[in-house]
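Trainee: Okay, predicted coordinates and the sequence, questions at the end:
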Amino acid sequence: MTGYKKAFRKAFPYTIPVLTGYLFIGIAFGVMYAEKGYSFLWAILMSLLVYAGSGQYLAVNFFVPGFSFLQVIFLTFMVNVRHIFYGISLLEKFNQMGMKRWYMIFGLTDETYSLLCTTNVPEDVEKDKFLFAISIMNQSYWVLGSAIGAIAGTVLPINSEGIDFAMTALFVVIFVEQWMDRKNRIPEIIGVVVAIVALMIFGANSFVLPAMLAIVALLFVGRKKLDKEDDEICH
């Protein structure tokens with residue numbers, strides 16, 4: 001455990017924004033899950049073993065009658081296809097982390113990705129331990145929020161109508177933060193324009209998957225040019 005204590009101590013301040021966000025949206029997920037009649041233990045277990053954020057919000061509806069296994073696979077892929085691009089941009093960094101890379105791949109969420117890409121590692125901390133600390137603390141916040149929400153939803157009469165908007169609000173905050181921090185905003189512009197075009201062509205119920213595939217394809221094609229303008233996607 002040499003060096004891990006310092007790594008967690010140094011990494012914690014950087015994760016405070018994620019802590020505040022994950023607690024609230026984790027609580028929202030837990031409340032929604034409990035409302036379906038499931039034990040709070042299942043909500044905790046899902047946050048430990050699945051840990052998919054928006055995918056977990058979507059999964060709340062997977063357990064109703066008539067939902068096929070193929071639908072579960074398709075919708076989960078549709079919501080999380082963006083992680084393909086995330087993962088590829090971090091392959092080199094993760095390959096240097098030994099066995100910890102397997103957890104880093106599992107624990108890669110939007111918020112964790114943002115921290116891994118933008119946080120400067122302190123000079124007196126080992127890089128792999130610092131990044132690992134960020135990832136594991138972020139998941140612990142999500143698990144804690146899920147537990148609080150699920151227990152509260154089990155013992156208290158809570159009206160969860162509209163509570164699922166918490167995840168949408170978090171994505172908006174992430175987008176605004178990235179927009180403000182980056183000088184090269186071409187990727188963000190591509191995302192917005194492609195999403196609007198896909199919405200107009202495919203409609204509100206079917207636009208997410210074609211939009212995400214088109215965005216990923218465009219970013220791959222123009223990656224070299226974007227890297228020159230913005231140095232690197234993720235240092």
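Mentor: Looks like it arrived, so ask away.

Trainee: Just give me how far the helix ranked longest in the chain sits from the chain centre.
Mentor: For the chain, the longest helix by residue count, based on DSSP state H, is helix 4-35. Put simply, helix 4-35 sits 12 Å off its chain's centre (C-alpha atoms, centre = their mean, to the nearest Å).

Trainee: Any buried residues in it, and which?
Mentor: Within helix 4-35, the residues scored as buried using 16 or more other C-beta atoms under 10 Å are 6-8, 10-11, 14-15, 18-19, 21-35. Yep, even glycine has a C-beta here, placed from its N, CA and C like the rest.

Trainee: What's the mean pLDDT across whichever helix or strand comes after it?
Mentor: Downstream of helix 4-35, the next assigned helix or strand under DSSP states H and E is helix 40-49. Averaging pLDDT along helix 40-49 gives 92.

Trainee: Who are the packing partners of helix 40-49?
Mentor: helix 4-35, helix 54-59, helix 127-155 (3 or more C-beta pairs under 8 Å, 6 or more residues apart in numbering; DSSP states H and E).

Trainee: For the last one, could you pull out the residues that count as buried?
Mentor: Okay, so that is helix 127-155. Within helix 127-155, the residues scored as buried using 16+ other C-beta under 10 Å are 128-139, 141-151, 153-154.

Trainee: sorry, back to before: relative to helix 40-49, how tilted is the longest helix of the chain?
Mentor: If you take axes from the mean of the first three to the mean of the last three C-alpha atoms, to 10 degrees, helix 4-35 sits at 140 degrees to helix 40-49.
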